[in-house]
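In: Give the three-dimensional model of this entry:
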Amino acid sequence: MTDPTSFAPPNAFLRLPCSISQRSDLLYLTEWSEDLSWEHIQVLAEYVEAYQVDAGNKIFVQGDEGQYMCLLVEGSVEIAMADSAGAEKTLATIEAGKPFGEMSLVDGKPRSATALAKTTCKVLTLTRDEFRTMSKEHPELGSILLTRLAESMSHRLRQTSGLLVEYLED
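Out: Model prediction:
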C-alpha cells in the first residue's frame, strides 16, 4: 500500500527491506499490539515502512512539515524543543515500543519538537496519507488507532500540564 514515491524520508533514514510479515512482527513489538488483533496488525503492516536511523541523527526537526509519525521498535529517541532563546530543552525520552510524532499525523501542522536518535534506532513510519487511506479502507482499524493516538496525546498533555503548573505564578 505504501507508495515510496509519495514519502521522502529524511536522509538519515535507511530503508529496511521488510516484507509485510516482517513488518507485522515489528509492529507486534510495539505497545500498539496491546490494542490490535493479529489480523489488524497484518493490515497495518501494509501501510507502514521500516527504517533504521543511526545514533546522533535527527528523525525530524522542530518546524519541519509533519508528514509522518513513528513507532519506535528498537533504540532510544530524545524529544527536544527550542526555548525562546533558541536553546534546545529535552522534553522526553522515548523508549522502544512507543509512538512519537503523532501530532503531525492528526493535524498535519509543522513539527512542535525535534526528535533525535540517541542510539541506533529501528522505526516504523506511518504517513498522514497512508493513515487516511487505511482508515477509509479499514474503518474499524482506523478508529482503534485514532483512539490510541488520542489517548497517547492526552497522556502527554497531562504530564506537560503537571510540569507547567509548577512554573505558574500564584
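In: Spatially nearest residue to Y51, not counting backbone neighbours?
Out: Counting by CB to CB, 6 or more residues apart in numbering, Y51 lies nearest to F13, which is 4.2 Å off, once chain neighbours are set aside. All C-beta atoms are positioned from the backbone trio N, CA, C, and that covers glycine.
In: so where's the protein uncertain?
Out: Applying pLDDT under 70 to the chain flags residues 1-7, 169-170.
In: what about the helices in it?
Out: For the chain, the helices defined by DSSP state H occupy 20-28, 38-45, 102-107, 128-137, 139-164.
In: Would you convert these into JSON lines that also reports mean neighbour count and distance to V53?
Out: Listed next are those as JSON lines, based on neighbours: other CB atoms under 10 Å; distance: least, CB to CB, whole Å:
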{"stretch": "helix 20-28", "mean neighbour count": "17", "distance to V53": "14"}
{"stretch": "helix 38-45", "mean neighbour count": "18", "distance to V53": "20"}
{"stretch": "helix 102-107", "mean neighbour count": "18", "distance to V53": "17"}
{"stretch": "helix 128-137", "mean neighbour count": "17", "distance to V53": "19"}
{"stretch": "helix 139-164", "mean neighbour count": "13", "distance to V53": "20"}
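In: Which of those sits closest to A96?
Out: When the helices of the chain are compared by CB to CB, helix 20-28 sits nearest A96, at 10.8 Å.
In: any idea of the angle the closest one forms with helix 38-45?
Out: 110 degrees (axes from the mean of the first three to the mean of the last three CA atoms, to 10 degrees).
In: Centre of the chain to helix 20-28, how far?
Out: Here helix 20-28 is found 16 Å from its chain centre; the criterion is CA atoms, centre = their mean, to the nearest Å.
In: CA atoms only: put that helix into PDB for me.
Out: Only the C-alpha atoms of helix 20-28 are listed here, as PDB (Å, rounded to 0.1, in the frame of the first residue of the first chain):
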ATOM      1  CA  ILE A  20       4.500  -7.400   5.300                       C
ATOM      2  CA  SER A  21       5.100 -10.400   7.500                       C
ATOM      3  CA  GLN A  22       8.400  -8.900   8.900                       C
ATOM      4  CA  ARG A  23       6.700  -5.500   9.400                       C
ATOM      5  CA  SER A  24       3.900  -7.300  11.300                       C
ATOM      6  CA  ASP A  25       6.400  -8.900  13.600                       C
ATOM      7  CA  LEU A  26       8.000  -5.400  14.200                       C
ATOM      8  CA  LEU A  27       4.500  -3.900  14.900                       C
ATOM      9  CA  TYR A  28       3.900  -6.700  17.400                       C
END
